[in-house]
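S.K.: Compute the structure for the input listed below.
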Amino acid sequence: MAPDTPHPLGSTLLRRIVRDDSGGVRGGCLLAVGALAALLLLGIGAPMMMGPPSPLVQLMAQSCEEGGGQDQDQPAPSVLANGEIPSDYLEMYTEAGEEAGVPWNVLAAIGQRETRHGTWDAEGVTSGANPWGAAGPMQFGIGGAAGNTWGGEPEQPASEREGVNGFGIDGDGDGMVSVYDPGDAIPAAADYLVAHGAPENIREALFAYNHANWYVNEVLEIAAAYADGDFDVVERERQTAECVVNVAEASLEAPNELVQTVIDFAMAQRGLPYVYGATGPDAYDCSSLMMRAYEQVGVTIPRISQDQWNFGPSIPIGQEQPGDLVFFDISRAGEPPGPGHVGMVIGDNLMIEARGRAYGILTGPYQGEGRAQVLGFTRPLAHEQVREQLGLDG
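M.R.: Below is the predicted model:
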């Protein structure tokens with residue numbers, strides 16, 4: 001997702017893509033389309049039919065569902081971790097990590113970077129707040145510039161938390177929700193990371209925790225030092241995300257040639273990097289990949305994911321099909337309201353997406369453990385502007 005930027009095809013909405021004998025594509029004008037044919041082409045007024053998924057697509061989906069080479073084990077603590085982290089904190093990091101499915105050493109690295117595991121003698125660690133309004137061993141916002149990500153009061157009986165928005169929880173079951181209690185703050189930090197992309201996208205989750213790339217890099221360096229052996233947080237999560245990326249090209253059953261062309265373009269970008277604000281051809285962010293893919297058939301959709309969501313039209317969950325856009329309930333500071341991430345359905349609960357800096361462009365499931373909640377689906381080719389240009393509404 002990125003700020004709105006111009007792109008070269010202007011307001012042109014539709015042109016025909018013809019494959020040549022070499023497998024490439026060349027453009028040609030769509031001179032005339034009968035009303036019924038166009039309705040069927042765009043899936044308007046008649047259901048889009050597609051054959052059963054190919055065995056390869058089924059295999060791709062199965063490899064993700066069954067773990068596809070993933071290893072979710074938590075790392076053992078290194079000598080440094082055992083010597084530097086207080087034993088009670090190490091136990092809490094480990095328990096919270098296992099419960100949330102987040103590497104415990106990432107939680108510990110946050111605790112070290114923020115407050116040296118609650119041992120810093122500074123305002124906002126055991127009482128009050130720092131100058132930016134952050135408090136506790138994990139430095140949750142309780143007001144001020146840091147916002148109130150904890151929610152409610154810094155210290156509050158659990159019985160009074162009903163209806164309070166925020167990540168504060170009674171993690172240790174003592175009846176109090178306290179930002180200064182590591183038994184509450186550490187599992188709350190794990191929940192925060194999961195809500196912002198972990199375990200699949202640790203970098204994005206850490207960036208949400210503190211909006212600075214240097215911070216993300218420092219936390220990951222500390223996390224690596226806390227893990228015994230060669231456990232690599234980012235590579236481990238990359239393997240989780242890329243469970244299907246290296247499988248050979250699938251023979252996907254698209255509803256029509258236009259959709260197949262859109263998917264073909266998006267799939268051809270796999271392996272390229274994610275760069276926020278990039279619009280191709282060497283890198284993309286999540287929404288620019290969708291925009292450029294639809295440009296291959298002359299369709300202009302908005303630049304950013306929030307506007308793409310509003311562009312619609314909406315498709316009921318469960319009725320999505322290849323070529324539809326899938327949107328996730330993710331939001332970030334400084335961005336407009338609406339879904340902050342988008343991918344493209346390719347079938348069998350699989351999508352192609354520009355996931356984030358740690359992963360680049362890849363395929364994977366859009367529903368399942370570790371994914372943000374799906375907000376909904378849209379079908380750009382059914383938009384009224386497309387219908388109007390094809391003379392379908394007159």
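S.K.: secondary structure class for Leu375?
M.R.: What DSSP: H, G, I helix; E, B strand; the rest coil gives for Leu375 is strand.
S.K.: List the contacts of it.
M.R.: Contact analysis of Leu375 by CB atoms under 8 Å, 6 or more residues apart in numbering lists 309, 327-329, 339. (Glycine included, C-beta is placed from N, CA and C.)
S.K.: tell me the domain boundaries of this protein?
M.R.: Residue ranges for the domains of the chain, per automatic domain parsing: 16-67+246-389, 79-240.
S.K.: Can you give the distance from the shortest one to the centre of its chain?
M.R.: Here domain 79-240 shows a centroid-to-chain-centroid distance of 20 Å under the convention CA atoms, centre = their mean, to the nearest Å.
S.K.: Give the rounded mean pLDDT of that domain.
M.R.: In this model, domain 79-240 has a mean pLDDT of 91.
S.K.: would you list every one of the strands in the stretch 201-350 of the chain?
M.R.: For the stretch 201-350 of the chain, the strands defined by DSSP state E, counting those that start in this stretch cover 314-315, 325-328, 341-347, 350-356.
S.K.: that older thread, looking at the domains of the chain, which one is packed in the most?
M.R.: Mean neighbour counts were compared across the domains of the chain using mean count of other CB atoms under 10 Å; the top stretch is domain 79-240, at a mean of 20.
S.K.: returning to what we had before: identify whichever of the strands of the stretch 201-350 of the chain lies nearest to Pro255.
M.R.: The closest of the strands of the stretch 201-350 of the chain to Pro255 is strand 341-347. By CB to CB, the value is 10.3 Å.
S.K.: Please tell me how far Gly376 sits from Pro313.
M.R.: 11 Å (CB to CB, to the nearest Å).
S.K.: Kindly report the same for Tyr180.
M.R.: Distance, Tyr180 to Pro313, using CB to CB: 49 Å.
S.K.: tell me the secondary structure for Ile361?
M.R.: Ile361 is classified as strand under three-state DSSP.
S.K.: residues contacting it?
M.R.: 269-274, 284, 289, 352-355.
S.K.: Farthest-apart pair in the residues you listed, please.
M.R.: Using CB to CB, the contacts of Ile361 span at most 14.8 Å, a distance reached by Pro273 and Ile352.
S.K.: coming back round to it: quick one: which of the contacts of Leu375 has the lowest pLDDT value?
M.R.: Asp329 (88).
S.K.: hang on, isn't that one packed against Ala372?
M.R.: Yes - with contact defined as CB atoms under 8 Å, Asp329 counts as touching Ala372 (5.8 Å).
S.K.: Going along the chain, name the helices of the stretch 51-200 of the chain.
M.R.: Under the criterion DSSP state H, counting those that start in this stretch, the stretch 51-200 of the chain contains helices at 55-65, 79-84, 87-100, 104-115, 182-195.
S.K.: As CSV, those helices with distance to Met138 would be great.
M.R.: Shown next, in CSV, are those (distance: least, CB to CB, whole Å):
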stretch, distance to Met138
helix 55-65, 32
helix 79-84, 17
helix 87-100, 10
helix 104-115, 6
helix 182-195, 4
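S.K.: I'd like to know which of those helices lies nearest to Glu204.
M.R.: Among the helices of the stretch 51-200 of the chain, the nearest to Glu204 by CB to CB is helix 182-195 (9.6 Å).
S.K.: got the angle between that closest one and helix 87-100?
M.R.: 30 degrees (axes from the mean of the first three to the mean of the last three CA atoms, to 10 degrees).
S.K.: Which other helices and strands does helix 182-195 contact?
M.R.: helix 87-100, helix 104-115, strand 140-141, strand 176-178, helix 202-209 (3 or more CB pairs under 8 Å, 6 or more residues apart in numbering; DSSP states H and E).
S.K.: Tell me where the model's unsure across the stretch 251-394 of the chain.
M.R.: Along the stretch 251-394 of the chain, segments meeting pLDDT under 70 span 251-252, 332-334, 357-359, 369-370, 387, 389-394.
S.K.: about what we covered before: would you tell me which of the strands of the stretch 201-350 of the chain gets closest to Tyr89?
M.R.: strand 350-356 (28.8 Å).
S.K.: List the neighbouring strands of that closest one plus their orientation.
M.R.: Strand pairing for strand 350-356, using DSSP bridges, gives strand 341-347 (antiparallel), strand 360-365 (antiparallel).
S.K.: Can you tell me the closest non-neighbouring residue to Leu289?
M.R.: Nearest non-adjacent residue to Leu289, counting by CB to CB, 6 or more residues apart in numbering: Ala354, 4.7 Å away.
S.K.: residues touching that neighbour, list them.
M.R.: With contacts defined as CB under 8 Å, 6+ apart, Ala354 is in contact with 269, 274, 284-286, 288-289, 360-361.
S.K.: Between which two of those residues is the distance greatest?
M.R.: Farthest pair in those (CB to CB) is Ser288 and Gly360. Separation: 13.3 Å.
S.K.: circling back to that earlier point, can you tell me which of the contacts of Ala354 comes closest to Ala224?
M.R.: The closest of the contacts of Ala354, once distances to Ala224 are taken by CB to CB, is Gly360, at 20.7 Å.
S.K.: Can you tell me the closest non-neighbouring residue to the closest one?
M.R.: Pro273 (4.8 Å).
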